[in-house]
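Q: could you look at this predicted model? Sequence included:
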Amino acid sequence: MTTYKYLILLSFFLCAAHLQAQEKLTLDECYRLARQNYPTIQKMGLINQTSQLTLENASKGYLPQVSFSGQATYQSQTISFPAALSNIPGASLPTISKDQYKIQGEIDQQIIDGGATHEQNELTKANAGLQQQNLEVSLYALKDRVNNIFFSALLADAQIKQNELNKGNLQTQAQKTQSAYKNGTAFQSNVNELQAEVMNTDMATTKYTANLSAYLRMLSLLIGKEVTSSSQLQMPEAAINTGDINRPELKAYDLQKSVYDAQQKQLQSDYMPKLSAFFQGAYGQPTLNIIDNEAGSWYVTGFRLNWALGSLYTLGNRKKILALNRESVDADKTTFLLNTKIDLAQQDEQVKMYVSLIRQDEQTIALRESVTKSSAAQLENGVITTHEYIQQLNAENLAKQNLILHHIQLLQAQYNQLYKSGN
């Protein structure tokens, strides 16, 4: 069998079941299902809800603030109007009670808050965006796990099919040797040796099948969908990396800096003047007209200005801290890009290596097929022993297994490039 025919046969075995299946699982579909099934995805909705509630709470700062208070007191002394006016003839003023009480309600309406509410909203949005992006980074790592399991399953499946082809060749030769033994031109030991080698292929199939079953089970758990047969997996096409780096970590670094920017803008609102309008209503004894010394109601209304400048003492240092934090993020981003470029360079060399190995495998298979074909004829003519034929057949099978391995490894290296680059 020529190398070209072998590759066609290999592709047929890998894809025939796919064409008949009602549903195919592509690598991209596994990415989507794994992301959808992973418990961490639930945090995305929680982050959105928390952010929305925080923004709603901040916006309610513009609503009138209502408060109530009350007190009852006893004073050891009060203003004594009769004593103070005793030298005025005919003056008669009440004595203010030493026991006093009042119940008070106040409505305060914020008019100018120095931008505090707006900046707090911007900081809340920036923090929510950063949390969501950090979650995206965590979910993106799932692609690497999917790649490892998906391609391992494809490899085990291909190894099973190639092993069955090798078993078929051995069984054919065993049948020929059995006929030769009946005709007296071969020994029983020749038949036994071939049958023992057939059993070896059965044991190899058992190992490959166990590996495939384990990978399919892991994939099922990861994507939340039962995968019972390798025929459900579709061989991906060769992937080409553009060379650009679009990892979600890069956006996370930028969003972290936006949080620091929002915090710096918030510093300004700390020392801006704040103005509000208020209305106080109360009932108690005495009233604002304390001379009456009677219980009654009263109200006070007006504006309240508050301008606290204490934050200016630490403003410069807090700005420097935020600037240093931004520089730290830039350093982390530069380090990440460098490490990613190193990983991509390594993956690029891996791809080149597997391309070269596949070419060598193809040449080796062509030579091994020729040797095995010649060995089969020599075995039938008694020129070589059964053991020598098995050695040649196993060498051909090993070369084909290497081609399968390197072909899958090339695809995995290409998709690892896409993962590392974020494409």
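A: Alright, I've got the coordinates. Residues are numbered from 1 along each chain as shown.

Q: what about the longest helix in this structure?
A: Criterion DSSP state H: the longest helix present in the chain is helix 312-380.

Q: ok, then the element right after that helix?
A: For helix 312-380, the succeeding helix or strand toward the C-terminus, using DSSP states H and E, is helix 386-421.

Q: packing partners for that following helix?
A: Under the contact criterion of 3 or more C-beta pairs under 8 Å, 6 or more residues apart in numbering; DSSP states H and E, helix 386-421 touches helix 3-20, helix 142-182, helix 188-223, helix 312-380. C-beta here means a position set from N, CA and C on the backbone, and glycine is covered the same way.

Q: now do residue 194 against residue 152, distance only.
A: 32 Å (C-beta to C-beta, to the nearest Å).

Q: sorry, back to before: if we compare the helices and strands packed on helix 386-421, which one ends up closest to residue 398?
A: helix 312-380 (8.4 Å; C-beta to C-beta).

Q: the closest one packs against which elements?
A: Using 3+ C-beta pairs under 8 Å, 6+ apart: helix 312-380 touches helix 3-20, helix 142-182, helix 248-270, helix 386-421.

Q: worst-scoring helix or strand of this structure, pLDDT-wise?
A: Counting by mean pLDDT, DSSP states H and E, the chain has its least confident helix or strand at helix 3-20, which shows a mean of 48.

Q: which element follows it toward the C-terminus?
A: Following helix 3-20 in sequence, per DSSP H and E, is helix 27-37.

Q: centre of the chain to the helix or strand that that following helix is followed by, how far?
A: Counting by DSSP H and E, the element after helix 27-37 in chain order, helix or strand, is helix 42-59. The chain centroid and the centroid of helix 42-59 are separated by 20 Å under C-alpha atoms, centre = their mean, to the nearest Å.

Q: so what strands line up beside the helix or strand following helix 42-59?
A: For helix 42-59, the following helix or strand on the C-terminal side (DSSP H and E) is strand 65-74. Using DSSP bridges, strand 65-74 pairs in its sheet with strand 99-112 (antiparallel).

Q: what about the stretch 1-150 of the chain, any weak spots by pLDDT?
A: Filtered on pLDDT under 70, the stretch 1-150 of the chain yields the residue ranges 1-23, 81-93.

Q: Three-state assignment for the most centrally placed residue in the chain, please.
A: Nearest to the mean C-alpha position of the chain, by C-alpha atoms, centre = their mean, lies residue 139 at 1.5 Å. Per DSSP: H, G, I helix; E, B strand; the rest coil, the secondary structure class of residue 139 is helix.

Q: sorry, back to before: mean neighbour count added to the helices and strands packed on helix 312-380, as JSON lines?
A: Output for the helices and strands packed on helix 312-380, formatted as JSON lines (neighbours: other C-beta atoms under 10 Å):
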{"stretch": "helix 3-20", "mean neighbour count": "14"}
{"stretch": "helix 142-182", "mean neighbour count": "19"}
{"stretch": "helix 248-270", "mean neighbour count": "17"}
{"stretch": "helix 386-421", "mean neighbour count": "20"}
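
Q: make a markdown table out of those helices and add distance to residue 353.
A: Putting the helices and strands packed on helix 312-380 into a markdown table (distance: least, C-beta to C-beta, whole Å) gives the following:
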| stretch | distance to residue 353 |
| --- | --- |
| helix 3-20 | 20 |
| helix 142-182 | 16 |
| helix 248-270 | 27 |
| helix 386-421 | 8 |
